[in-house]
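[1] I would like to see how this sequence folds:
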Amino acid sequence: FPQGQFVPNAYAPDVTTHEFTEEIRLSFSPAGSGLTGVVGAYFNNANRHYYVNYLTPGYATLFSNTYTTQTLLQGVSLSDVNYWQVGDYSPKQSALFTELNYAFTDRWKLTAGLRWYDLQYTTIRHEDGWSNGGPTLSTGDAKNTGFNPKVELSYQATPDQLYYVSASRGVRPGGVNTSNLAEKGCGQDYGPYQPDSLWNYEVGGKTRWLDGTVQVNGAAYYIKWKDVQQGQTLPCSYQITQNAGEAIVRGGELEIEGQVGSHLHLGVGAGFTKAVLARDAPSLGGVAGQQLENVPRWNGGASATFNFSPAPDYAGFMRADAQYVGISYPDFDRTDPATFQRAYSLLNLRAGVVHQRWE
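    All right, here's what the predicted structure looks like:
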């Protein structure tokens, strides 16, 4: 572009993040009472400052008399600076929370919690360069507050078997998109996107068998997801985030670990997640029943650890961990074979020796 010439260029991004987090907790356990709990406060203030410079030395001279610059970029003053950007993204979070546990028998326990949150976001972005059409300024801000409750009932059937049911609400912060996309030729502007929230209903158990040598944990869950945040790449190449409406998630997970003899420890686990749109999302090209973006249906893993003694007063180990992640899609257009993440596996191998204080 524009004549098949390949010209050296420099792309120099620089991102600096400053973050401050503070939390205070007070826990209590009155003597002679089945009630325990915690209350606390949380604060987080961050700033992400970014600078990007995309430079092609000699561009104005090399391409001044081409179809691209004379017709497509008519009226744009060429320079060696293709694109330049500097900006700040500043989120701030505050919260107050409490959680209470009440054991009304030796086996039954009730847990209830509540969190109040306040989320604020501001962004400012200066852009320039001939590919940007000249200098532009993009700003945005968003603020959201709300409550997240939680309740759980657990049953300690035996010292080795714990079962529970729970219901809890979670929220993910909202944010802002680039505010002047229409000016950049993207058709329209997109305002802030709202937080998305969900209710998770879960049942599960944590158990040990065969004198504690085998551990089996499992859970099944049903999630109602509101205002789901999903990404979209516009034809003009800018990426935005929008709220896609409602989604339903059904899933479960199972993991088994056990000691085999005196030297070998094995583990295996699998998870299934069917996370689909509950209704059409026309603005993103999604239809009801489609799997959500970047969510594989299947994942799993396995591990093996072999412990041995290579010499007196030395302990050795060899460990292998394998992980499997199924296929997923970054957007709702499933017709383009390039727009999906293939299923993949990871294998980690580790070995070591422990001697007194050294490993």
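[2] What ranges in the stretch 1-150 of the chain fall below the confidence cut-off?
    1-5, 68, 72-73 (pLDDT under 70).
[3] if you go through the stretch 1-150 of the chain in chain order, where are the strands?
    Secondary structure of the stretch 1-150 of the chain (DSSP state E, counting those that start in this stretch): strands located at 10-28, 35-55, 81-103, 108-128, 136-158.
[4] now these in TSV, with mean neighbour count?
    (Glycine included, C-beta is placed from N, CA and C.) Converted to TSV, those look like this (neighbours: other Cβ atoms under 10 Å):
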stretch	mean neighbour count
strand 10-28	10
strand 35-55	15
strand 81-103	16
strand 108-128	17
strand 136-158	15
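[5] Dump these into a markdown table; add distance to residue 259 as well.
    Output for the strands of the stretch 1-150 of the chain, formatted as a markdown table (distance: least, Cβ to Cβ, whole Å):
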| stretch | distance to residue 259 |
| --- | --- |
| strand 10-28 | 34 |
| strand 35-55 | 33 |
| strand 81-103 | 31 |
| strand 108-128 | 29 |
| strand 136-158 | 20 |
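[6] dump the residue contacts of the nearest residue to residue 114 once chain neighbours are set aside.
    Excluding the flanking residues, the one nearest residue 114 by Cβ to Cβ, 6 or more residues apart in numbering is residue 149, at 5.2 Å. With contacts defined as Cβ atoms under 8 Å, 6 or more residues apart in numbering, residue 149 is in contact with 112-115, 168-169.
[7] about what we covered before: who wins for proximity to residue 275 among the strands of the stretch 1-150 of the chain?
    strand 136-158 (20.2 Å; Cβ to Cβ).
[8] What are the phi and psi values at residue 310?
    phi -70, psi -20 (degrees, to the nearest 10).
[9] burial count for the residue nearest to it when sequence neighbours are not counted?
    Nearest residue to residue 310, sequence neighbours excluded (Cβ to Cβ, 6+ apart): residue 316, at 4.6 Å. Using other Cβ atoms under 10 Å, residue 316 has 15 other residues around it.
[10] Settle this for me: residue 316 is touching residue 263, isn't it.
    No. The criterion here is Cβ atoms under 8 Å, and residue 316 misses it with residue 263 at 10.3 Å.
[11] Distance check, the residue of the chain positioned farthest from its centre against residue 78.
    No residue in the chain sits farther from the centre than residue 65, which is 46.9 Å out by Cα atoms, centre = their mean. The spacing between residue 65 and residue 78, counted by Cβ to Cβ, to the nearest Å, is 11 Å.
[12] One more: residue 101?
    67 Å.
[13] And residue 303, by the same measure?
    Applying Cβ to Cβ to residue 303 and residue 78 gives a distance of 58 Å.
[14] Now do stretch 243-259, average pLDDT.
    For stretch 243-259, mean pLDDT rounds to 95.
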